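K.L.:
have a look at this fold, sequence not included:
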Ligand SMILES: Nc1nc2c(ncn2[C@@H]2O[C@H](COP(=O)(O)OP(=O)(O)OP(=O)(O)O)[C@@H](O)[C@H]2O)c(=O)[nH]1
């Protein structure tokens, strides 16, 4: 009997899990690759938008520079044409107010005295004016664009010369422009955009947003790291000031004379333009993580299941070994087909090839229907089975089992116990040895052994035990008058009435021709007397029908005695009961006589 466990599920999982792991790994790689592509594409798109926006801002600034150059040109014309007045300068400033805000214009002579100004007294309020005038070159044409601070904001002070026909300096034109005020008019900026305008010495002269914590006029490139961007002219720059990484586009813008170059830098915060992308990357990563967790969970479950299966297999193997080596015949039967699924060595030894796997189990039984009726109605009675050495009587125990790892169908565990020997003994005991063939009552031998048990029990439990001795009255006459056969019949009827009048636990026995004894368990003399009366009356009151149609009646005499715990066995009580019976006969028969313990009798009669 070797149990094999089903392997189909294990094999399926064994293939599915590595395949799933490969798919998950591929999914993660594809996600990483896709994210990288999305990132590159997002950077490229941002760089293109940045380039366009930077060009727009550059154009805006160049337009303003052109407008300011035009203003200076108009001021020169006014000076040269003698039309320079405060009013003309005020008009000139007013023409630029819409595009550049409140600009101020002042004109000084070669000695730096005010000749005209767009606003009364403005020349006294202009920042760094003295330096601008002092630095004016007296020989070569000069137009300086000097970055200045004006009320925390960036501004520029333009100082331009005006020369007569001989090239001598005859006037200095000063234009004050608040730079940041209208720097970005007409430009729509993407969120997170930062703008810086640096002069030729890399000093900050204007910035956006205005609140950025950068000090105007500082000569600080404000760059922690810089690496090339996706489009030419762009770079990824990490700001030392705010720690933000930006994608930055730069432009050089020429101003003044001699030409100086300002640098325009426009930057997008990388975090801002990658926000949506980051969200989708996180989403992808979360999805991959979920699948990964599921895979790990599945792997752990499979490992756990494998450990459990191994445990079950070891356990099953152990049970199988135990069953295999049991001396008792054991079989597993298919509950549907009724064939033998497994048989242990003891079963094969007992039944031979009939008990091999696949054989119909019913063939082991003496009667073809025994197995089917046993399945439905289990019994404690032995059943004849066809063993190799001949018919054996077996006790059959059935236990139904649901489908399991060893068998796909319902099965029945059958254990057999060979009780042939006991069965035989019992049969012999019940027939030849212990029972009277005429009346079916126990015989003297059986009565004697039963009396031993009864005495043991009465002594052990201190319970009363009575003996009843019964003898048919004038029975010789019955034989003599009606013949021996009628005598037998009277004996049978009297025996039946005798037994029927006792209780289930009592034992009636025929111990001689027409002599009977009864063991009355747990019964004192008073109760015994009642029972004896019941017997006497039952026999007396039952007419016995003869074949001739006549009836006869029979009476009995009964003696009863009590067993004493001091006695070794029932002999004494039996003798006292016999003596009481003799007394009953002497007293006229058809009566019950009780043997007193001190041997003085009392009696009752009809
Ligand atoms: N028919 C039949 N008679 C039996 C059997 N065994 C004994 N007897 C008869 O039972 C009778 C017993 O008679 P006795 O012992 O004289 O006693 P009795 O005639 O019953 O008289 P009392 O007992 O004194 O009332 C005898 O005639 C036996 O032959 C039996 O198995 N069958």
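P.N.:
Here it is on my side, so go on. Just so it is clear, the structure is predicted and the values come from calculations on it, not from any experiment.
K.L.:
the longest helix in the chain is where?
P.N.:
Criterion DSSP state H: the longest helix present in the chain is helix 8-81.
K.L.:
mean confidence for that one?
P.N.:
Averaged over helix 8-81, pLDDT sits at 85.
K.L.:
which bits of the stretch 351-500 of the chain sit near the ligand?
P.N.:
Within the stretch 351-500 of the chain, the positions lying close to the ligand (CB under 6 Å from any ligand atom) are 471, 472, 473, 474, 475, 476, 479, 484, 487, 488, 491. In short, each C-beta sits where N, CA and C put it, glycine included.
K.L.:
secondary structure, neighbour count and distance to residue 25 for those residues - can I get that in CSV?
P.N.:
Putting those into CSV (DSSP: H, G, I helix; E, B strand; the rest coil; neighbours: other CB atoms under 10 Å; distance: CB to CB, whole Å) gives the following:
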residue, secondary structure, neighbour count, distance to residue 25
471, strand, 20, 104
472, strand, 21, 104
473, coil, 19, 108
474, coil, 14, 111
475, helix, 18, 107
476, helix, 11, 111
479, helix, 17, 109
484, helix, 10, 106
487, helix, 20, 105
488, helix, 14, 100
491, helix, 23, 99
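K.L.:
per-residue confidence at the closest residue to residue 507 other than its chain neighbours?
P.N.:
Nearest residue to residue 507, sequence neighbours excluded (CB to CB, 6 or more residues apart in numbering): residue 519, at 4.4 Å. In this model, residue 519 is scored at 96, pLDDT.
K.L.:
which strand residues bridge residue 204?
P.N.:
Taking DSSP bridges as the rule, residue 204 bridges to residue 198.
K.L.:
that one: how many residues sit nearby?
P.N.:
Counted by other CB atoms under 10 Å, the residues lying close to residue 204 total 22.
K.L.:
sorry, back to before: following the one helix or strand the residue nearest to residue 507 maps to, which helix or strand shows up next?
P.N.:
Per DSSP states H and E, residue 519 falls inside strand 515-521. Moving toward the C-terminus from strand 515-521, the next helix or strand (DSSP H and E) is helix 525-540.
K.L.:
where do the helices of the stretch 151-300 of the chain begin and end?
P.N.:
Counting by DSSP state H, counting those that start in this stretch, the stretch 151-300 of the chain has helices at residues 270-273, 275-324.
K.L.:
again, but for the stretch 301-450 of the chain
P.N.:
345-351, 370-376, 420-428, 444-461.
K.L.:
follow-up on the earlier one: would you list the residues of the stretch 351-500 of the chain next to the ligand in TSV and tack on pLDDT?
P.N.:
Output for these, formatted as TSV (pLDDT from 0 to 100):
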residue	pLDDT
471	98
472	97
473	97
474	96
475	96
476	96
479	95
484	94
487	95
488	95
491	96
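K.L.:
export these to CSV and tack on distance to residue 158?
P.N.:
Converted to CSV, those look like this (distance: CB to CB, whole Å):
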residue, distance to residue 158
471, 161
472, 161
473, 165
474, 168
475, 164
476, 170
479, 167
484, 165
487, 164
488, 159
491, 158
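K.L.:
for the closest residue to residue 231 other than its chain neighbours, list the residues it contacts.
P.N.:
Setting aside the residues directly before and after it, residue 231 is nearest to residue 47 in space (CB to CB, 6+ apart), at 3.9 Å. Listed by CB atoms under 8 Å, 6 or more residues apart in numbering, the contact set of residue 47 reads 229, 230, 231, 234, 247, 249.
K.L.:
let's see 6 Å
P.N.:
Residues in contact with residue 47 (CB atoms under 6 Å, 6 or more residues apart in numbering) are 229, 230, 231, 234.
K.L.:
of the residues you listed, closest to the ligand?
P.N.:
Looking at the contacts of residue 47 and their distance to the ligand, the nearest is residue 230, at 128.9 Å (CB to the nearest ligand atom).
K.L.:
can you give me the neighbour number for residue 243?
P.N.:
Residue 243 has 8 neighbours, counted by other CB under 10 Å.
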